[in-house]
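Peer 1: model this:
(one chain, ligands or ions: 1)
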Amino acid sequence: MDPLFRSIYEVNEIRIGTRGSPLALWQANWIKSLLEEEHPDITVSLITIKTSGDKIQDVPLAKVGGKGLFTKEIEEGLLRNEVDIAVHSMKDVPMKLPPGLGLSVITEREDPRDALISRDGQKLDELPQGAKVGTGSFRRTTQLLAYRPDLQIVPMRGNVGTRLDKMEKENLDGIILAAAGLKRMGMADRITECIPPEIMLPGGGQGAVGIETRKDDPGVMMRILPLEHEETHTALEAERSFLHRLEGGCQVPIGVYATVDGNRMHIRGMVGSLDGKQIFRTEGSGATQDAVQLGDQCAREILEQGAGKVLDEIYNR
Ligand SMILES: NCc1[nH]cc(CCC(=O)O)c1CC(=O)O
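Peer 2: The predicted structure follows:
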């Protein structure tokens, strides 16, 4: 049977493509249970796919090029019809998708903030002078140093468990992780402080899970549609539009966070130098129907301030 252009009634099995990390599996299983609840008559299974981001573990992501590292192989599985949907952390999804694929559904956002886990329970303001904080993210480094120039940033990668181990072994005072991942994995009690967006703007899409499908597969799209969360989708349209203009993924010192209130929305953006000494900020409000234009307009505005020069220096290192 030709799998393409199936109707909803022809889709009785959904194969979910996912990474094998504990958080990715949690998210894929969460989508699986939501789909089973919506459609008790269909079979949903998980297919674990190793991405380049999972294979390259010890190199800082910024050095190997962040774009699509956690999504490429899963997208190839979609295009080869080996899986029916791909479940992603939206923060890791590049701005440009391969032809034939689309982000059909964005689910409701978890806490978008970054969280500090400190060894001795001290909040960001209470960490001792010169404290060592672990993070592999340029965005977090920039904003930490802009707020606390005395901190020593220690590069790190790996999943949540690995990072907690490193905090102990390398005697760090704290580490920064996405609150969403910790909350989803039942580790909210490890969070010392959720850092407010005024101090640390999250990465675009942080805390949201998205479902990518083949554009020629309307039957699958109809099956997953009940999982769509319109407000989150609108916020992410603006955030992704901001990043698209700045050509930024997860691995550059760019923060962006949009919120929706009825048919109005608000967006805040940040671009910084790696040492945190130069920081550019922008914000704007508009109608939700203009989400894409709003994100783009804020990006143009921040470029006019001079953010482009800082980004060029980082891209051309
Ligand atoms: N780049 C890794 C990544 N991608 C998504 C999350 C967390 C969950 C989320 O943002 O939805 C993480 C880990 C982290 O930032 O701590």
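Peer 1: switch to C-alpha atoms for all contacts and neighbour counts from now on
Peer 2: Fine.
Peer 1: what about the stretch 51-200 of the chain, any weak spots by pLDDT?
Peer 2: Along the stretch 51-200 of the chain, segments meeting pLDDT under 70 span 57-67.
Peer 1: would you mind listing what in it touches the ligand?
Peer 2: If contacts are counted using Cα under 6 Å from any ligand atom, the residues of the stretch 51-200 of the chain sitting beside the ligand are Ser89, Lys91, Asp92, Leu177, Ala178, Ala180, Gly181.
Peer 1: can you name the residue of the stretch 1-150 of the chain nearest to the ligand?
Peer 2: Nearest residue of the stretch 1-150 of the chain to the ligand, counting by Cα to the nearest ligand atom: Ser89, 4.9 Å away.
Peer 1: contact partners for that residue?
Peer 2: Residues near Ser89 by Cα atoms under 8 Å, 6 or more residues apart in numbering: Ala24, Gly205, Gln206, Gly207, Ala208, Val209, Gly210.
Peer 1: 6 Å instead?
Peer 2: With contact taken as Cα atoms under 6 Å, 6 or more residues apart in numbering, Ser89 is in contact with Val209.
Peer 1: swap in Lys132?
Peer 2: With contact taken as Cα under 6 Å, 6+ apart, Lys132 is in contact with Gln152, Ile153, Leu172, Asp173.
Peer 1: and Leu35, by the same measure?
Peer 2: Contacts of Leu35 were listed using Cα under 6 Å, 6+ apart, and none were found.
Peer 1: just the buried positions in the host helix or strand of it, please.
Peer 2: In this assignment (DSSP states H and E), Leu35 forms part of helix 22-38. Applying a neighbour-count criterion of 16 or more other Cα atoms under 10 Å, one finds Leu23, Ala24, Leu25, Trp26, Gln27, Ala28, Asn29, Ile31, Lys32, Leu35 buried in helix 22-38.
Peer 1: make JSON lines out of the residues you listed and add distance to Asp84 and pLDDT.
Peer 2: Formatted as JSON lines, the buried residues of helix 22-38 follow (distance: Cα to Cα, whole Å; pLDDT from 0 to 100):
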{"residue": "Leu23", "distance to Asp84": "20", "pLDDT": "94"}
{"residue": "Ala24", "distance to Asp84": "17", "pLDDT": "96"}
{"residue": "Leu25", "distance to Asp84": "16", "pLDDT": "97"}
{"residue": "Trp26", "distance to Asp84": "18", "pLDDT": "98"}
{"residue": "Gln27", "distance to Asp84": "16", "pLDDT": "98"}
{"residue": "Ala28", "distance to Asp84": "13", "pLDDT": "98"}
{"residue": "Asn29", "distance to Asp84": "15", "pLDDT": "98"}
{"residue": "Ile31", "distance to Asp84": "13", "pLDDT": "98"}
{"residue": "Lys32", "distance to Asp84": "12", "pLDDT": "98"}
{"residue": "Leu35", "distance to Asp84": "13", "pLDDT": "98"}
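Peer 1: now tabulate those residues in a markdown table and tack on distance to Ser118.
Peer 2: Putting those into a markdown table (distance: Cα to Cα, whole Å) gives the following:
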| residue | distance to Ser118 |
| --- | --- |
| Leu23 | 21 |
| Ala24 | 24 |
| Leu25 | 26 |
| Trp26 | 24 |
| Gln27 | 26 |
| Ala28 | 29 |
| Asn29 | 29 |
| Ile31 | 31 |
| Lys32 | 34 |
| Leu35 | 37 |
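Peer 1: dump these to TSV, plus distance to the ligand.
Peer 2: Output for the buried residues of helix 22-38, formatted as TSV (distance: Cα to the nearest ligand atom, whole Å):
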residue	distance to the ligand
Leu23	8
Ala24	9
Leu25	12
Trp26	11
Gln27	9
Ala28	12
Asn29	15
Ile31	14
Lys32	17
Leu35	19
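Peer 1: farthest pair in those?
Peer 2: Based on Cα to Cα, the longest span within the buried residues of helix 22-38 runs between Leu23 and Leu35 and measures 18.4 Å.
Peer 1: the stretch 51-200 of the chain: strands as residue ranges?
Peer 2: Along the stretch 51-200 of the chain, counting by DSSP state E, counting those that start in this stretch, strands occupy 85-89, 101-106, 114-118, 132-134, 152-154, 174-178, 193-195.
Peer 1: now render those strands as CSV, adding distance to Leu303.
Peer 2: Output for the strands of the stretch 51-200 of the chain, formatted as CSV (distance: least, Cα to Cα, whole Å):
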stretch, distance to Leu303
strand 85-89, 27
strand 101-106, 27
strand 114-118, 25
strand 132-134, 29
strand 152-154, 27
strand 174-178, 27
strand 193-195, 26
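Peer 1: off-centre distance for stretch 199-214?
Peer 2: Taking Cα atoms, centre = their mean, to the nearest Å, one finds stretch 199-214 lying 4 Å from the centre of the chain it belongs to.
Peer 1: please read the previous query as pertaining to stretch 142-160.
Peer 2: Average the C-alpha atoms of stretch 142-160, do the same for its chain, and the two points are 18 Å apart (Cα atoms, centre = their mean).
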